[in-house]
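S.K.: what shape does this take:
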Amino acid sequence: MTPRPIITRSLVGLNVVAFLATALLGVSVIEPSAGELLRWGADFGPRTLTAQPWRLFTSTFLHFGIVHLALNMWCLWALGALAEPLFGWAAFLLLYLVSGLGASVASMLVHPMVVSAGASGAIFGVAGGLISQLKLRHDGLKLPVPRSALGSVVGFVGYNLLFSLTRPNVDIAGHVGGLLVGLWLGALLQRGSGTEPTRLSLPSAAAALGVALVIGYGAHAARRLHPAVALLGRAERDLAAGAPDRTNRAIQELDSALAHDSGLVAAHELLARAYGQGGRWGEALAALDRAITRTADDPELLFERGNAHLELGHIDQAIADYVAVLRLAPRAAAVHYNLGIAYARRGDVDSARAAFERALENSGNDDSLRLQARLAVARFGGTPLPTSRAERTGEPAPLPAEGDARLLADLRRQLAQARDSLESGRYAGATGTLRAVERGARGLAARYPDNRELPQLVAESRRWLARVQEACQAERIVAERRRATAPDCQ
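M.R.: From the prediction side, this is the model:
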């Protein structure tokens, strides 16, 4: 009678429970972000290589969405049903867990700055153990294993490794690391004969312990191989403490990290945050400029630089950075909110109110931001004070003469054309048209001081001119990072 694969079912159950628990706690079911899984134990060099080595283990029970989980559990169910009777429950569990740790260490050695999670490395280890056992057992295997099992497992491994090479987000290092550990353990575990499964005997346990020690040395080697990453992790911990002396120590650690690896973008970003935490916004801005030159289309870096500009009073530069972020992440509520603050400081009440309204629309589950955006909308949502005699007295404004009326209609038409030019990216044309509209509206307003439409037309042309300049500057920032031709903003 074939023994039931109890350990296989238990491992599948643990992975599913971990997925459901994180989903109930707010992690996306379809496509969780790296930051979400990082909070629950995903593998990440700056944290794993400093004070949280347990992430090497916990990361093997987390998954990037339900599709990732389903594919891995289907593979584990199929391979476990074959491997567990062959190895016995104890040896199979050891094979799975040690292979998972080996996969995590391999991932850490190759790309420590990538957040990784999933059971794939452990599953590849099970496949590797099966290949070793099926290849080495020449003693008339009588366990319920199909004759074609070896070829099927080898085919499974080959196909999945080739598939991993074609997918940019697949952790090929973890897959290969898990497979090698599985092959090694499968060869070292004492093999049974006939109908006997592999036994977890003292020699087998000693061999597994030796493999685990080698894996542990690999984790130690990762620290020596990536000193900048370890320093980054320590600086992150010091900065989170918030004390001034810890902030100064974090700055020193980040300077050391950048001395080891000047291209470590996360270190530049964290250094900027450390400077900002100490009120040193000029140095924070310089660090962010260096980071942005080393990476393309990173909305978080642009957002942080916009915040630094805002703190330094560089309102136009802050607005340009925020607009550039919203081109990359149009639903970022915090960016809309800070853009509203920048518009308000510039005195553009209408644009500030519109930005605060968009922040409110996109605030989602962020109760604090929703409250702040609602208060800002209420503050900037009042009726403007009357500015002309006609508005104060309620008398109808005098209409322009026939020729001036045609000029006013032409100015309205030009304003609409300028908006179309902005939408299609023709910034130079929009700029020239809006300046002409402003000049024409000012001339008419001087002749008809009580006409309430003309000051509004002047204000609207200036507001749209500011938006054209912001959009153009934002596109120039993106073009410079992509080394593309920058648009003409004049």
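
S.K.: so which helix or strand of the chain has the lowest pLDDT on average?
M.R.: helix 389-393 (a mean of 45; mean pLDDT, DSSP states H and E).

S.K.: residue 176: neighbour count?
M.R.: By other C-beta atoms under 10 Å, 20 other residues sit near residue 176. In short, each C-beta sits where N, CA and C put it, glycine included.

S.K.: check contacts around it.
M.R.: Shown here is residue 176, whose contacts under the criterion C-beta atoms under 8 Å, 6 or more residues apart in numbering are 106, 124, 161.

S.K.: most neighbours of all those residues, which one?
M.R.: Greatest neighbour count in those, by other C-beta under 10 Å, goes to residue 124: 31 neighbours.

S.K.: ramachandran angles for the residue nearest to residue 344 when sequence neighbours are not counted?
M.R.: In space, and not counting its chain neighbours, residue 344 is closest to residue 352: 4.0 Å by C-beta to C-beta, 6 or more residues apart in numbering. Note on residue 352: its backbone torsions stand at phi -60, psi -50 [degrees, to the nearest 10].

S.K.: which SSE is residue 339 in?
M.R.: Here residue 339 sits within helix 333-346, counting by DSSP states H and E.

S.K.: in that helix, which residues are buried?
M.R.: By neighbour count on 16 or more other C-beta atoms under 10 Å, the buried set for helix 333-346 is 333, 334, 335, 336, 337, 338, 339, 340, 341, 342, 343, 344.

S.K.: swap in stretch 62-70?
M.R.: Under 16+ other C-beta under 10 Å, the buried positions of stretch 62-70 are 62, 63, 64, 65, 68, 69.

S.K.: any idea which of the residues you listed is closest to residue 295?
M.R.: Taking C-beta to C-beta as the measure, residue 295 lies nearest residue 64 of these, at 21.8 Å.

S.K.: number of residues surrounding residue 17?
M.R.: Applying the criterion other C-beta under 10 Å, we find 11 residues in the vicinity of residue 17.

S.K.: quick one: list the elements packing against the host helix or strand of it.
M.R.: The secondary structure element spanning residue 17 is helix 6-24 (assigned by DSSP H and E). Helices and strands in packing contact with helix 6-24 are listed as helix 66-87, helix 89-110; criterion 3 or more C-beta pairs under 8 Å, 6 or more residues apart in numbering; DSSP states H and E.

S.K.: out of those, flag the one nearest residue 370.
M.R.: Using C-beta to C-beta as the criterion, the shortest distance between residue 370 and the helices and strands packed on helix 6-24 is 28.3 Å, found for helix 66-87.

S.K.: quick one: the longest helix seen in the chain to helix 333-346, angle?
M.R.: What stands out as the longest helix in the chain, according to DSSP state H, is helix 453-482. Following axes from the mean of the first three to the mean of the last three C-alpha atoms, to 10 degrees, one obtains 130 degrees for the angle between helix 453-482 and helix 333-346.

S.K.: show me what counts as buried in helix 453-482.
M.R.: When neighbours are counted by 16+ other C-beta under 10 Å, the buried residues of helix 453-482 are found to be 453-455, 457-478, 481.

S.K.: give me the helices and strands touching the helix or strand containing residue 434, please.
M.R.: Mapping residue 434 onto the secondary structure by DSSP H and E places it in helix 427-447. With contacts taken as 3+ C-beta pairs under 8 Å, 6+ apart, helix 427-447 sits against helix 402-423, helix 453-482.

S.K.: just the angle between the last one and helix 402-423, please?
M.R.: Comparing the axes of helix 453-482 and helix 402-423 via the same axes, to 10 degrees yields an angle of 20 degrees.

S.K.: check which helices and strands helix 453-482 sits against.
M.R.: Applying 3+ C-beta pairs under 8 Å, 6+ apart, one finds that helix 453-482 makes contact with helix 315-328, helix 349-361, helix 402-423, helix 427-447.

S.K.: comparing the ones you listed, which comes out most buried?
M.R.: Each of the helices and strands packed on helix 453-482 was given a mean neighbour count from mean count of other C-beta atoms under 10 Å, and the largest, a mean of 23, is that of helix 315-328.

S.K.: next one: the closest residue to residue 30 other than its chain neighbours from residue 58, what distance?
M.R.: What sits nearest to residue 30 in space, not counting adjacent residues and going by C-beta to C-beta, 6+ apart, is residue 65, at 5.4 Å. Plainly put, residue 65 is 17 Å away from residue 58 if you go by C-beta to C-beta, to the nearest Å.

S.K.: mind putting the helices and strands packed on helix 6-24 in JSON lines, mean pLDDT and distance to residue 448 included?
M.R.: As requested, these are arranged in JSON lines below (pLDDT from 0 to 100; distance: least, C-beta to C-beta, whole Å):
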{"stretch": "helix 66-87", "mean pLDDT": "89", "distance to residue 448": "65"}
{"stretch": "helix 89-110", "mean pLDDT": "90", "distance to residue 448": "72"}
